[in-house]
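**Student:** return a 3D structure for these sequence lines:
(4 chains)
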Number of protein chains: 2
Amino acid sequence: MGDAVDAVMDAWRRERPDVDIWPVGVVGRIQRLARLLEAEIQDFFRRYGLDNSEADVLTTLRRSGEPYELTPGRLVKASMVTSGAITKRIDRMVAKNLVERVPDAVDRRTVRIRLTLHGRQTIDDLFALHIANETRLLQALDRDQADGLANTLRTLLQSLGDTSLT
Amino acid sequence: MGDAVDAVMDAWRRERPDVDIWPVGVVGRIQRLARLLEAEIQDFFRRYGLDNSEADVLTTLRRSGEPYELTPGRLVKASMVTSGAITKRIDRMVAKNLVERVPDAVDRRTVRIRLTLHGRQTIDDLFALHIANETRLLQALDRDQADGLANTLRTLLQSLGDTSLT
DNA sequence: TATCGGTATCTTACCAAGAAGAGGAATGAA
DNA sequence: TTCATTCCTCTTCTTGGTAAGATACCGATA
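**Tutor:** The predicted structure is shown next:
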């Protein structure tokens, strides 16, 4: 009848009836869903020789528009990982010819990370399929439910300070 | 006005107007929220000398009820990490005197992971505070919104096969 | 204009944690 | 007894975090 989180909540109500554990129903489900969705999306990209971290960088660069290049600092802000992790991601992706490092003529502290033609083609070929896959993962929701869910989640994100990528 | 995911979606509508990217509004927000919430919860437990992985094991054992012991296999199912990760978690927690390994007289392949008195007291002392912290993280939602959110997320989880922990 | 301290940006080195998969002991069924 | 299965552990690999380092820029001051 219920999901895994219902089982967790039932156990807590038995063991700690003194605590109202309603937040678990939200926080626990968000965390479990994030893991399940990430695993599914990982499976999808792996079929095409990519992993989530690479897809993350490719999509961020692609949606930034021409000329498909951003500094590592911008990638850090978009990715929710640290600068050291981004440096290593870029190293791996350069080795796979997905991106290239281009010196910045104006500010020599920075580098521009640019999609290669191969990287551009890879993400452009995959993007519609990726969205179709996410659509499949959400097929249990009708459009109204999905909209309501997105709105409630936006409220939560904003309250936690997740206002912008810049 | 919007959150970070709105910015992502705007960019995609500009760059790939041929693709209806509505699922991003749900999947992207679940993933960002999971990271933000995990970081907040990590901060909370770190103040008391624990990390998320330890708190995960402590809460799983505690809510299982007397005598507060489970096999590593059960912990694997509850935790969404691999068996090797659980072995290492237990090693660390034994070193911190939070749990102990108790041989199983019936089936000598298995071990019972049991809360020590210190582990039991640690999680019992922290649990109400932990729930209060989660309540704070969700304070942007009123109770109806939270209930609706939990229900929609349950629908999603069940559709993805997350039916039980056993 | 030259210089100096502070700041910004990326990279590097080291460490912690989990994934993947092999290994080994114990169980149970034929 | 034998052999497949179950269960935990161990080893190796990958990834990310942390913190320090290197280089470049900038602004104030003389």
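**Student:** could you pull out the strands in chain A for me?
**Tutor:** A:69-70, A:99-103, A:111-115 (DSSP state E).
**Student:** for DNA strand C, which of those is the nearest?
**Tutor:** Across the strands of chain A, DNA strand C has its closest neighbour in strand A:111-115 (4.8 Å, Cβ to the nearest atom of the strand). C-betas here are computed from N, CA, C, even on glycine.
**Student:** partner strands of that closest one, with direction?
**Tutor:** Partners of strand A:111-115 in the sheet, by DSSP bridges, are strand A:69-70 (antiparallel), strand A:99-103 (antiparallel).
**Student:** hang on, the earlier thing: redo the strands of chain A as TSV? Include mean neighbour count.
**Tutor:** Listed next are those as TSV, based on neighbours: other Cβ atoms under 10 Å in any protein chain shown:
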stretch	mean neighbour count
strand A:69-70	19
strand A:99-103	16
strand A:111-115	20
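**Student:** quick one: which of those strands is nearest residue B:24?
**Tutor:** strand A:69-70 (18.8 Å; Cβ to Cβ).
**Student:** buried residues, stretch A:70-89. List them.
**Tutor:** For stretch A:70-89, a neighbour-count test (16 or more other Cβ atoms under 10 Å in any protein chain shown) marks A:70, A:71, A:72, A:74, A:75, A:76, A:78, A:79, A:80, A:86, A:89 as buried.
**Student:** which one of the residues you listed is nearest to chain B?
**Tutor:** Ranked by distance to chain B (Cβ to the nearest Cβ), those are led by residue A:80 at 5.3 Å.
**Student:** leaving out the residues flanking it, which one is nearest to that closest one?
**Tutor:** residue B:35 (5.3 Å; Cβ to Cβ, 6 or more residues apart in numbering or on different chains).
**Student:** before we move on, the earlier item: how about the strands of chain A in a markdown table, adding mean pLDDT and distance to residue B:11?
**Tutor:** Below are the strands of chain A laid out as a markdown table (pLDDT from 0 to 100; distance: least, Cβ to Cβ, whole Å):
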| stretch | mean pLDDT | distance to residue B:11 |
| --- | --- | --- |
| strand A:69-70 | 96 | 12 |
| strand A:99-103 | 95 | 18 |
| strand A:111-115 | 96 | 15 |
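**Student:** could you dump those to a markdown table with distance to residue B:44?
**Tutor:** Shown next, in a markdown table, are the strands of chain A (distance: least, Cβ to Cβ, whole Å):
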| stretch | distance to residue B:44 |
| --- | --- |
| strand A:69-70 | 33 |
| strand A:99-103 | 37 |
| strand A:111-115 | 35 |
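**Student:** between those strands, which one is nearest to residue B:142?
**Tutor:** Of all these, strand A:69-70 comes closest under Cβ to Cβ, at 38.6 Å.
**Student:** which residues does that closest one contact?
**Tutor:** A:60, A:61, A:64, A:78, A:102, A:112, A:113, A:114, A:115 (Cβ atoms under 8 Å, 6 or more residues apart in numbering or on different chains).
**Student:** recalculate using a threshold of 10 Å.
**Tutor:** The contact list for strand A:69-70 (Cβ atoms under 10 Å, 6 or more residues apart in numbering or on different chains) reads A:57, A:60-61, A:64, A:76-78, A:99-102, A:104, A:111-115.
**Student:** against residue A:34, how distant is the residue nearest the centre of chain A?
**Tutor:** Chain A has residue A:56 as the residue nearest its centroid, 6.4 Å off, counting by Cα atoms, centre = their mean. The gap separating residue A:56 from residue A:34 is 14 Å, by Cβ to Cβ, to the nearest Å.
**Student:** determine the number of other residues adjacent to residue A:19.
**Tutor:** Residues lying near residue A:19 (other Cβ atoms under 10 Å in any protein chain shown) number 16.
**Student:** isn't residue A:80 up against residue B:33?
**Tutor:** No - using Cβ atoms under 10 Å, residue A:80 makes no contact with residue B:33, being 11.2 Å away.
**Student:** shared neighbours, these two?
**Tutor:** Common contact partners of residue A:80 and residue B:33 (Cβ under 10 Å, 6+ apart): residue A:162.
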